[in-house]
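S.K.: turn this into a model:
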Amino acid sequence: MTMESLEQIKTRVEAAVPGAKIDIIPNPGPAQQSSLLIDNEHAAAVAKFLRDDSALRLDFCSNATGVDWLDRTVKKTVKVKKIVDGEEKEIDETTEEFFPGYLEAVYHLYSMTHKHGPVIIRMRTADRAENARLPSLTPVYRSAEFQEREIFDLYGVRFDGHPDLRRILMWDEFVDYPMRKDYREPDDYEYEPTPHDDVLEKAKMHYSARPQLDGAENITAQS
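M.R.: Next up, the predicted model:
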């Protein structure tokens with residue numbers, strides 16, 4: 001069964017889910033896999049349509065991942081007409097446009113029923129701080145549960161409606177989100193539960209100046 005184009009899917013989703021706003025995001029990379037940006041308010045309803053529609057039956061979420069977009073300023077050069085020395089001339093003018101940063105969750109959907117896919121959908125947070133929130137798609141795709149937890153853990157996106165949102169890779173006391181582009185690795189690992197190898201060597205730099213006994217010396221001292 002041939003799958004519909006993204007344009008066709010977009011049109012049918014918007015007709016089936018009143019108020020839903022869908023944008024097609026092109027992918028300039030080698031894969032050329034464009035995606036559907038869905039608005040957060042209608043995300044669950046859109047996902048249910050993609051899962052349950054008889055022609056699509058996108059019933060399996062194979063993976064969900066996070067993307068971090070930092071604040072950025074884009075320069076554009078445009079040609080404008082201006083009066084120069086009494087004459088109208090076409091000159092290049094450079095403008096700058098600022099885009100505030102945000103985080104994304106990206107889901108790859110397949111149909112086990114019709115053996116087609118993927119259809120890639122994505123959602124965006126309002127910012128990278130207190131409004132870094134998205135609706136959870138776990139109630140629609142159970143396989144998204146651990147993967148949304150991973151996005152929460154590593155990127156800091158809070159998924160509203162997730163049944164068990166807590167860290168999955170880092171320990172509870174860990175501060176910050178290691179997959180964010182502006183994350184800076186600390187050199188003080190004293191509070192890592194089990195520092196080892198190069199991490200342990202960095203941690204030792206912050207220990208007290210008193211002599212430290214390694215495992216072998218401890219055993220010798222106790223015997």
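
S.K.: now stretch 178-196: mean pLDDT?
M.R.: For stretch 178-196, the mean pLDDT works out to 73.

S.K.: for Val140, which non-adjacent residue is closest in space?
M.R.: Of all residues not flanking Val140 in the chain, Ala47 sits nearest, at 4.3 Å (C-beta to C-beta, 6 or more residues apart in numbering). The way it works is simple: take the backbone N, C-alpha and C, and place the C-beta from them, glycine included.

S.K.: no wait, Asp92
M.R.: Thr77 (5.3 Å).

S.K.: so the one you found touches Glu96, yeah?
M.R.: No - assessed by C-beta atoms under 8 Å, Thr77 is found out of contact with Glu96, at 10.6 Å.

S.K.: what's the separation between Leu137 and His162?
M.R.: 9 Å (C-beta to C-beta, to the nearest Å).

S.K.: whoops, I mixed them up, Ala20
M.R.: Taken as C-beta to C-beta, the span from Ala20 to His162 is 21 Å.

S.K.: on that earlier part again, next, give phi and psi for the residue nearest to Asp92.
M.R.: For Thr77, the backbone dihedrals are phi -110, psi 120 (criterion: degrees, to the nearest 10).

S.K.: next one, pLDDT for it please.
M.R.: Note for Thr77: predicted pLDDT of 86.

S.K.: the helix or strand hosting Val13: how far from the chain's middle?
M.R.: In the assignment (DSSP states H and E), Val13 maps to helix 6-16. On the basis of C-alpha atoms, centre = their mean, to the nearest Å, helix 6-16 sits 24 Å off its chain's mean C-alpha point.

S.K.: would you mind writing the CA trace of it as PDB?
M.R.: Provided in PDB are the C-alpha atoms of helix 6-16 (Å, rounded to 0.1, in the frame of the first residue of the first chain):
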ATOM      1  CA  LEU A   6       3.300  14.700   3.500                       C
ATOM      2  CA  GLU A   7       1.200  17.300   1.800                       C
ATOM      3  CA  GLN A   8      -1.800  15.000   1.600                       C
ATOM      4  CA  ILE A   9      -1.300  13.900   5.200                       C
ATOM      5  CA  LYS A  10      -1.100  17.500   6.400                       C
ATOM      6  CA  THR A  11      -4.300  18.400   4.500                       C
ATOM      7  CA  ARG A  12      -6.200  15.400   6.000                       C
ATOM      8  CA  VAL A  13      -5.000  16.000   9.500                       C
ATOM      9  CA  GLU A  14      -6.000  19.600   9.500                       C
ATOM     10  CA  ALA A  15      -9.500  18.600   8.200                       C
ATOM     11  CA  ALA A  16      -9.900  15.900  10.800                       C
END
